[in-house]
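J.: The sequence and its predicted three-dimensional model are supplied below.
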Amino acid sequence: MSWAIRTVILLGLLTGLLMAIGGIIGGQVGMLIALIIAGIMNFMSYWFSDKIVLSMYGAREIPYEEAPWLHDMVAELAQRANMPKPRIYLVPMEQPNAFATGRGPGHAAVAVTRGILEILDPEELKGVLAHELAHIKNRDVLVATIAATIAGAIGFLANMAQWALFFGGLNNNNNNEEGEGGGIAETIGAVLMIFIVPIIATIIQLAISRSREYLADETGAKICGCPVALARALKKIEEYAMQVPANVNPGTAHLFIENPLKGGGLLELLSTHPSTEKRIQRLCELARKMGQDCLL
């Protein structure tokens, strides 16, 4: 199954959860309100996310004169990917990492940390940059925004349902027909939905994030032409991320090529990134298909 199809299925599951919890509180009005509020919040985030994130990490744009080799490298990769060259920023962070932001290929930026420029060789850095260009090319910011909008609406509805439950205002239209036993069963089911559905929605949202990382690995490896270089880079970045702490807002951790909060001990199910081991394994499989040896 392709990553694009998997993303569509996961977004469909999120939409189904939204419909289900909307029915609990009595119909579509609350669901529509939640969607509108979440949509406005994420619309603002989608349009201004690049400025917000870059400012958050004190990133500055790198002029061509300062690093012509880096600009030339990004320009070459962008040409291979058939997309405009994004702006390039430097993040004053010792932990080696990188991220892409912006709402689309014509309005995008790639940010690299000071640490990543120090530890990666040119081929490995090229693999990382290609991965970030892949995120832009695949419009992952848009996908993440849609997922966040639906998940946010589900969370809003769950809060509404909790208040409705407290004041006895849940949709119990069938209670008179089913009797007291049916009403109790329906209420128990509603309580379970209220507390479990937001958790499931979060897990699905994170699964979408992980699937887009796999897709960016695959697309980026094809752009740079060397899956092994990207695999080596991921291995190095993970090793340093475990040793060099980073002051990162957890809400932006999904943007980075490698989870900058590696020391957190999060379960993979609740992580924004797939395990590095699995990513490297998939890249090695792709390298073999391309007739390359996977020597890390």
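T.: In hand now; what should we look at? Computed from a prediction, not measured in an experiment: that's the story for all the values here.

J.: which residues of the stretch 101-250 of the chain fall in helices?
T.: For the stretch 101-250 of the chain, the helices defined by DSSP state H, counting those that start in this stretch cover 114-119, 122-137, 140-166, 175-224, 227-243.

J.: okay, these, which one's buried deepest?
T.: helix 122-137 (a mean of 24; mean count of other C-beta atoms under 10 Å). In this view, the C-beta of every residue, glycine as well, is placed from N, C-alpha and C.

J.: Can you check what angle separates it from helix 227-243?
T.: Here helix 122-137 runs at an angle of 90 degrees relative to helix 227-243 (axes from the mean of the first three to the mean of the last three C-alpha atoms, to 10 degrees).

J.: Ranked by average pLDDT, which of the helices of the stretch 101-250 of the chain falls at the bottom?
T.: Here the helices of the stretch 101-250 of the chain differ in mean pLDDT, and the lowest is helix 140-166 at a mean of 71.

J.: hmm, back to that, with distance to residue 60 as added columns, please give the helices of the stretch 101-250 of the chain in CSV.
T.: Shown next, in CSV, are these (distance: least, C-beta to C-beta, whole Å):
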stretch, distance to residue 60
helix 114-119, 11
helix 122-137, 17
helix 140-166, 21
helix 175-224, 24
helix 227-243, 22
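
J.: can you tell which of those helices is closest to residue 5?
T.: Nearest to residue 5 among the helices of the stretch 101-250 of the chain is helix 175-224 (9.9 Å), distances taken as C-beta to C-beta.

J.: Poorly predicted segments of the stretch 1-150 of the chain, please.
T.: 1-4, 6-7, 19-28, 30-31, 33-35, 37-39, 41-42, 45-46, 145, 148-149 (pLDDT under 70).

J.: Let's see that with 80 instead.
T.: The stretch 1-150 of the chain contains residues with pLDDT under 80 at 1-50, 103, 141-150.

J.: which stretches of it form strands?
T.: 60-61, 87-91, 98-104, 107-113 (DSSP state E, counting those that start in this stretch).

J.: circling back: the helices of the stretch 101-250 of the chain: which one's closest to residue 274?
T.: Between the helices of the stretch 101-250 of the chain, helix 175-224 lies closest to residue 274; by C-beta to C-beta that is 4.7 Å.

J.: Hmm, residue 75 is touching residue 85, no?
T.: Yes. In this structure residue 75 lies within contact range of residue 85 using C-beta atoms under 8 Å: 4.9 Å.

J.: so can I have CSV of the strands of the stretch 1-150 of the chain showing distance to residue 246 and mean neighbour count?
T.: Formatted as CSV, the strands of the stretch 1-150 of the chain follow (distance: least, C-beta to C-beta, whole Å; neighbours: other C-beta atoms under 10 Å):
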stretch, distance to residue 246, mean neighbour count
strand 60-61, 18, 12
strand 87-91, 10, 21
strand 98-104, 12, 22
strand 107-113, 8, 24
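
J.: May I see those organised as TSV, with distance to residue 54 added?
T.: Below are the strands of the stretch 1-150 of the chain laid out as TSV (distance: least, C-beta to C-beta, whole Å):
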stretch	distance to residue 54
strand 60-61	9
strand 87-91	6
strand 98-104	7
strand 107-113	6
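
J.: closest to residue 258 out of these?
T.: Where those are weighed against each other on C-beta to C-beta, the nearest is strand 98-104, at 8.6 Å.

J.: Can I get the closest one in PDB, CA atoms only?
T.: Taking C-alpha atoms only, strand 98-104 is exported to PDB below (Å, rounded to 0.1, in the frame of the first residue of the first chain):
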ATOM      1  CA  ALA A  98      16.800  20.100  10.100                       C
ATOM      2  CA  PHE A  99      13.300  20.900   9.200                       C
ATOM      3  CA  ALA A 100      11.200  22.300   6.400                       C
ATOM      4  CA  THR A 101       8.300  24.700   6.800                       C
ATOM      5  CA  GLY A 102       6.000  26.700   4.600                       C
ATOM      6  CA  ARG A 103       2.600  26.100   2.900                       C
ATOM      7  CA  GLY A 104       3.900  24.900  -0.500                       C
END
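
J.: on that earlier part again, of the strands of the stretch 1-150 of the chain, which approaches residue 228 most closely?
T.: Among those, the nearest to residue 228 by C-beta to C-beta is strand 98-104 (18.2 Å).

J.: what's next to the closest one, contact-wise?
T.: The contact list for strand 98-104 (C-beta atoms under 8 Å, 6 or more residues apart in numbering) reads 46-47, 49-50, 53-54, 86, 108-113, 116, 128-129, 131-133, 135-136, 139, 141-142, 252, 255-257.

J.: Off-centre distance for that strand?
T.: Here strand 98-104 is found 11 Å from its chain centre; the criterion is C-alpha atoms, centre = their mean, to the nearest Å.
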